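Peer 1: Just a sequence and a predicted model for now, questions to come.
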Amino acid sequence: MTQKGSGQEGSSARETKHTPKKRRSRPVPATPVARAKSALRPGTLLSPVPVALVSCRGLPTGERPGANLITLAWAGTICSEPPMVSISIRPSRYSHQQILETGEFVINLVDHALLRATDFCGVKSGRDVDKFADCSLTPVKMATMDYAPAVAESPLCLACQVKQVISLGSHDCFLAEITAVEVAQDLVNQKDRLCLDKADLIAYVHGDYHRLGERVGFFGFSVAAPSVLARRMGPSAR
Ligand SMILES: Cc1cc2nc3c(=O)[nH]c(=O)nc-3n(C[C@H](O)[C@H](O)[C@H](O)COP(=O)(O)O)c2cc1C
């Protein structure tokens, strides 16, 4: 029994009156099928993630003054205004204290040419080896950084100033503002457009490194006009 002037019927009538009509869009053509699932232990399975080669240096007066490199998979974009990233590092890492001391690090994107060195920097500690020397990598000064060098061989480098450190458990999360960006000149085309898709970047998926494959869409392609789709994806795009 429905009571007059109250309950669901009344409120839905009000909603109908004030809710603007939803516009119909073209249906999304691909129809993925529902998949039966098995439960796994809760774990860090967000994938794919970037593999980042992070460079840093301790204070000249501190215990860890040399330039160092650490490989990180727990890195991500967290804000666009101001541009910010997070990296998560175990306190036991040699680089952890270096970054705490100076509040600086550089994220060097990893391409296929840098992959072997990147893996090496993820299994050896700056406590024991000079990773720049062992990997024949070149530390270079980067704009806005007083201490942390960039890796000259990387396709794109992000200079980062630490704003906050949050202890989460196994890892400390460094929230940092990106204060400068430098890109290899061959990744900028004649129209001054960044062509990061040409950088041969590496993704990390459940313990394995992967080269990126075919380009299969772009931001908003699911709702793009056919003429835009054809221009950006080729005439056979749907
Ligand atoms: C692919 C890969 C991803 C890694 N991701 C992280 C990470 O996100 N956080 C972390 O603390 N260590 C990570 N490590 C481990 C460190 O890179 C490794 O312990 C390194 O030797 C630390 O160097 P350091 O002692 O000179 O700081 C990763 C290693 C690899 C190979």
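Peer 2: Yep, that arrived. Numbers count the residues shown, from 1 in each chain.

Peer 1: For this protein, which residue gets nearest to the ligand?
Peer 2: Ranked by CB to the nearest ligand atom, the top residue of the chain for proximity to the ligand is Gly122, at 2.4 Å. C-beta here means a position set from N, CA and C on the backbone, and glycine is covered the same way.

Peer 1: who's the residue nearest the centre of the chain bridged to?
Peer 2: The C-alpha lying nearest the average C-alpha coordinate of the chain belongs to Gly76 (CA atoms, centre = their mean; 3.8 Å). Bridge pairing for Gly76 (DSSP bridges) gives the partners Ser86.

Peer 1: what about the residue of the chain closest to the ligand, how many neighbours?
Peer 2: 16 (other CB atoms under 10 Å).

Peer 1: which residue sits closest to it, ignoring its sequence neighbours?
Peer 2: Thr71 (3.1 Å; CB to CB, 6 or more residues apart in numbering).

Peer 1: same deal with Thr179?
Peer 2: Thr179 sits nearest to Thr144 (CB to CB, 6+ apart), 4.0 Å away.

Peer 1: Ramachandran angles for the one you found?
Peer 2: phi 70, psi -10 (degrees, to the nearest 10).

Peer 1: Surely it is in contact with Glu182?
Peer 2: No. With contact defined as CB atoms under 8 Å, Thr144 does not reach Glu182; the gap is 10.3 Å.

Peer 1: These two: which is more packed in?
Peer 2: Glu182 (18 against 15).

Peer 1: residue contacts, that one?
Peer 2: Neighbouring residues of Glu182 by CB atoms under 8 Å, 6 or more residues apart in numbering: 142-143, 150, 156-157, 159.

Peer 1: what bridges to it?
Peer 2: Cys157.

Peer 1: if we can go back for a sec, residue contacts, the residue nearest to the centre of the chain?
Peer 2: Gly76 touches 49-50, 85-86, counting by CB under 8 Å, 6+ apart.

Peer 1: Need these in TSV (columns: distance to the ligand, pLDDT and neighbour count).
Peer 2: As requested, the contacts of Gly76 are exported to TSV (distance: CB to the nearest ligand atom, whole Å; pLDDT from 0 to 100; neighbours: other CB atoms under 10 Å):
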residue	distance to the ligand	pLDDT	neighbour count
Val49	9	98	17
Pro50	10	97	16
Val85	12	98	19
Ser86	10	98	17
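
Peer 1: which residues touch whichever strand or helix holds Thr118?
Peer 2: Thr118 belongs to helix 115-121 when elements are defined using DSSP states H and E. Here helix 115-121 makes contact (CB under 8 Å, 6+ apart) with 51, 53, 69-71, 110, 131, 134-137, 153, 202, 209.

Peer 1: Please produce a ChimeraX select command covering the buried subset of those residues.
Peer 2: A single ChimeraX command selects the buried members of these (16 or more other CB atoms under 10 Å):
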select :51,53,69,70,71,110,131,135,137,153,202,209
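
Peer 1: Now, the contacts of helix 115-121 that are in strands?
Peer 2: Using DSSP state E, 53, 69-71, 202, 209 are the members of the contacts of helix 115-121 that sit in strands.

Peer 1: ok, of those, which one's closest to Arg193?
Peer 2: Ile202 (22.3 Å; CB to CB).

Peer 1: I'd guessed that closest one sits against Tyr209; true?
Peer 2: Yes. Using CB under 8 Å, Ile202 is in contact with Tyr209, at 5.2 Å.

Peer 1: residues shared between the contacts of those two?
Peer 2: Common neighbours of Ile202 and Tyr209 (CB under 8 Å, 6+ apart) are 51, 115.

Peer 1: So which bits of the protein are right by the ligand?
Peer 2: Residues of the chain that fall close to the ligand, judged by CB under 6 Å from any ligand atom: 51, 68, 70-74, 88-90, 93-95, 119, 122-127, 171, 204.
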